[in-house]
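[1] Provided below for reference: sequence and predicted model.
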Amino acid sequence: MSTPTSAAAAFSADLSPIVVRDVAKGYADRVVLDWIDLTVPAGRVVALIGENGSGKSTLLRIVAGQDHPDGGTVLTPRDLGWLPQDPQFPPDATVGSVLAEVLAPLHDAVAAIETLGAALGEDPDLATTYADTLEWAQQHEAWDADRRAEVAAYRLGLGALDRDRPVAELSGGERTRLALAALVTRRPTALLLDEPTNHLDDNAFELVE
């Protein structure tokens, strides 16, 4: 049986920066990234601009841990959200299961706070774990998660989709909007978005901003 401490162990705030040092990447005889340095402090918005084929997506994939550099190091916060240009989902995923998966840790955090709060009277040593879990939940606005999921789905044009509809039946644009709705709901510490405004109307564009 899990203890209050073990139940809340995953909920610890992390506002570490994204740090890229001397990252290099090449394919065959073509150098795509030539010893790149980049630091993004917590709370900063950075746009990566360059011509097609200049290595933007490659760098983002490396930072997201989806690809490995030929050299250099990458440090990121533990809670990192990643939106590729073509989001992938499990073969059996449905619209509802995708949203339920991102809501689960937020619901778990709220439940852990209640469990820890009830146990504090008997075990004061839980105070630090309680404070860490509460801070994580506040950063991720866990109490507002269900409403946020509905609002995001509506504003991204997914409100009319059947929650039981398989993701495999969605268009590429719908899959991208579903992935965005999941990120808006989850509220990760840091976001990596690769051309996130593709396939979006004005209402959805404003939500991304």
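    Alright, I've got the coordinates.

[2] Name the helix or strand for residue 16, please.
    According to DSSP states H and E, residue 16 maps onto no helix or strand at all.

[3] what number of residues lie near residue 134?
    Residues lying near residue 134 (other Cβ atoms under 10 Å) number 19. Where C-beta positions appear, they are placed from N, C-alpha and C, glycine not excepted.

[4] cool, residue 118 as well?
    Around residue 118 there are 10 residues (other Cβ under 10 Å).

[5] Give me the next element, helix or strand, following the helix or strand where residue 149 lies.
    Assigned by DSSP H and E, residue 149 belongs to helix 145-155. Using DSSP H and E, the helix or strand that follows helix 145-155 in sequence is helix 172-186.

[6] Sheet partners, orientation included, of the following helix or strand past that next one?
    Using DSSP H and E, the helix or strand that follows helix 172-186 in sequence is strand 190-193. Each strand paired with strand 190-193, and its direction, by DSSP bridges: strand 80-83 (parallel).

[7] Now residue 31: phi and psi?
    Here is the backbone geometry of residue 31 (degrees, to the nearest 10): phi -90, psi 120.

[8] Now the most centrally placed residue in the chain. Nearest residue, chain neighbours left out?
    Geometric centre of the chain, nearest residue: residue 81, 2.2 Å, by Cα atoms, centre = their mean. Residue nearest to residue 81 in three dimensions, not counting chain neighbours: residue 188, with 3.5 Å by Cβ to Cβ, 6 or more residues apart in numbering.

[9] Distance check, that neighbour against residue 94.
    Distance of residue 188 to residue 94, computed by Cβ to Cβ, to the nearest Å: 22 Å.

[10] what are the ranges of the strands in this structure?
    Using DSSP state E, the strands of the chain run over 18-27, 30-40, 71-75, 80-83, 190-193.

[11] The first one versus strand 30-40: what angle between them?
    Taking axes from the mean of the first three to the mean of the last three Cα atoms, to 10 degrees, strand 18-27 and strand 30-40 form an angle of 180 degrees between their directions.

[12] who's in contact with residue 80?
    The neighbours of residue 80, taking Cβ atoms under 8 Å, 6 or more residues apart in numbering as the test, are 64-65, 188-192.

[13] Check these for burial and list the buried ones.
    Neighbour counting with 16 or more other Cβ atoms under 10 Å marks 64, 188-192 as buried within those.
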